[in-house]
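1. Got a predicted structure here, sequence first:
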Amino acid sequence: MVSTQVLRPGQAVIWAAFFNFVAAFGFEVKVAATIGKGYVTPEGVTATVIFAGIIGAIVWDLITWYYGLPTSSSHALIGGFAGAAVVHNGGLSVLIPSGLYKILLFIVLSPLVGMGLAHLFMVAVMWLFRSVSPARGDRIFRRLQLVSAALYSLGHGTNDAQKTMGMIAVLLFTSGYLGPKFYVPFWVILICHAAIAAGTLSGGWRIVQTMGMRITKLKPPGGFCAETAAAISLLGTALGGIPVSTTHTITGAIVGVGATRRLSAVRWGIAGRIVWAWIMTIPASALVAGVAYLIFSFVMPV
């Protein structure tokens, strides 16, 4: 919305943050369940594992934020949690292969689905509005992009906030605070959505610039198609309990929109740097988390 000039920066982050938060009230927490017990056995988790996993994710997020690379905080968290758990348990047996395979599969599928849907939507829009003047089409899609951005922010909130919910809930569960059955308390749901909304309000302007301007030049029709495609992908996977990357999905969608004009409209060099950062995210955050676990367990064993 910033790059297409539908809203000013301050208005855009408030709009997105609001829908990040209200996603707390409309969706199940299947993604949180996958994070909490779907790919790491809860029996192999301690407070130090959780802490080290989060540190691994934060360090990688800060590195990629500094360089303006829109990598996946979700996959950083997944990699950090897995890396710390493996070091704690001294082997890979703590990992649940079926859960990991699903996550790794959608690292590839989520940007492809976003790209394919956005490309189809953009082609459809160009055909349906072929007799509409550019000025009138621009006015129509400026209004529609408010709706698509709201839907995308709902998908972002419900998918990304749930990853943190899963981490908090598994810590509460393994510490004996939830009783014999794993679930996500409502207060955890609220604080995680409040946190992601607060993060959105902080801006992240380097990544906004990369996503909105550096990959390809977006106009309101393209912004609408990219956001709508990403929203459908995110909401669909959230309903299925699949923790996908909102970053991967929207990046694929933006590339799909740009490719409808011509392949050279996409800055493939920047897209390539982003993909390499995606590939490195899980192993890099796992490595940092593993080292962090060794340090923390020595300093304050749990």
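-> Received it, and whenever you're ready, just let me know what you need.
2. what bits of the chain have low per-residue confidence?
-> Across the chain, the ranges flagged by pLDDT under 70 are 70, 203-216, 262-274, 301-302.
3. what distance separates stretch 56-70 from the centre of its chain?
-> Offset of stretch 56-70 from its chain centre (CA atoms, centre = their mean, to the nearest Å): 13 Å.
4. swap that for stretch 255-263, please
-> The chain centre lies 22 Å from the centre of stretch 255-263; the measure is CA atoms, centre = their mean.
5. ok, now stretch 145-157?
-> A distance of 13 Å separates the centroid of the chain from that of stretch 145-157, by CA atoms, centre = their mean.
6. Same question for that stretch: list its buried residues.
-> For stretch 145-157, burial by neighbour count (16 or more other CB atoms under 10 Å) applies to 145, 148-157. For the C-beta atoms, the positions are set from N, CA and C on the backbone; glycine is no exception.
7. And for stretch 11-28?
-> 12-13, 15-24, 27.
8. Sort out which one of these lies nearest Val59 for me.
-> If you rank these by distance to Val59 using CB to CB, Asn20 comes first, at 23.5 Å.
9. Quick check: the closest one vs Gln11, distance?
-> Look at Asn20 and Gln11: by CB to CB, to the nearest Å, they are 15 Å apart.
10. Over to His119?
-> 29 Å.
11. Please apply the same query to Asp160.
-> Distance of Asp160 to Gln11, given as CB to CB: 22 Å.
12. now stretch 121-134: how far from the chain's centre is it?
-> On the basis of CA atoms, centre = their mean, stretch 121-134 sits 30 Å off its chain's mean C-alpha point.
13. meant to ask about stretch 182-195
-> Centre-to-centre, stretch 182-195 and its host chain are 17 Å apart (CA atoms, centre = their mean).
14. which stretches of the stretch 201-302 of the chain form helices?
-> Using DSSP state H, counting those that start in this stretch, the helices of the stretch 201-302 of the chain run over residues 205-209, 220-239, 246-258, 268-299.
15. Export the third one to PDB, keeping only CA atoms.
-> Taking C-alpha atoms only, helix 246-258 is exported to PDB below (Å, rounded to 0.1, in the frame of the first residue of the first chain):
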ATOM      1  CA  THR A 246       4.000 -15.000   4.900                       C
ATOM      2  CA  THR A 247       7.200 -13.500   3.500                       C
ATOM      3  CA  HIS A 248       7.800 -16.300   1.000                       C
ATOM      4  CA  THR A 249       4.100 -16.200  -0.100                       C
ATOM      5  CA  ILE A 250       3.900 -12.400  -0.700                       C
ATOM      6  CA  THR A 251       7.300 -12.400  -2.500                       C
ATOM      7  CA  GLY A 252       6.200 -15.100  -4.900                       C
ATOM      8  CA  ALA A 253       2.900 -13.200  -5.400                       C
ATOM      9  CA  ILE A 254       4.800  -9.900  -6.200                       C
ATOM     10  CA  VAL A 255       7.000 -11.800  -8.700                       C
ATOM     11  CA  GLY A 256       3.900 -13.300 -10.300                       C
ATOM     12  CA  VAL A 257       2.400  -9.900 -10.800                       C
ATOM     13  CA  GLY A 258       5.600  -8.500 -12.300                       C
END
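16. how would you label the residue of the chain positioned farthest from its centre: helix, strand or coil?
-> Distance from the C-alpha centroid of the chain peaks at Ser131, with 36.9 Å (CA atoms, centre = their mean). At Ser131 the chain is in coil, as set by DSSP: H, G, I helix; E, B strand; the rest coil.
17. Who are the contact partners of it?
-> Applying CB atoms under 8 Å, 6 or more residues apart in numbering, we find Ser131 in contact with no residue.
18. With that, I have no additional questions.
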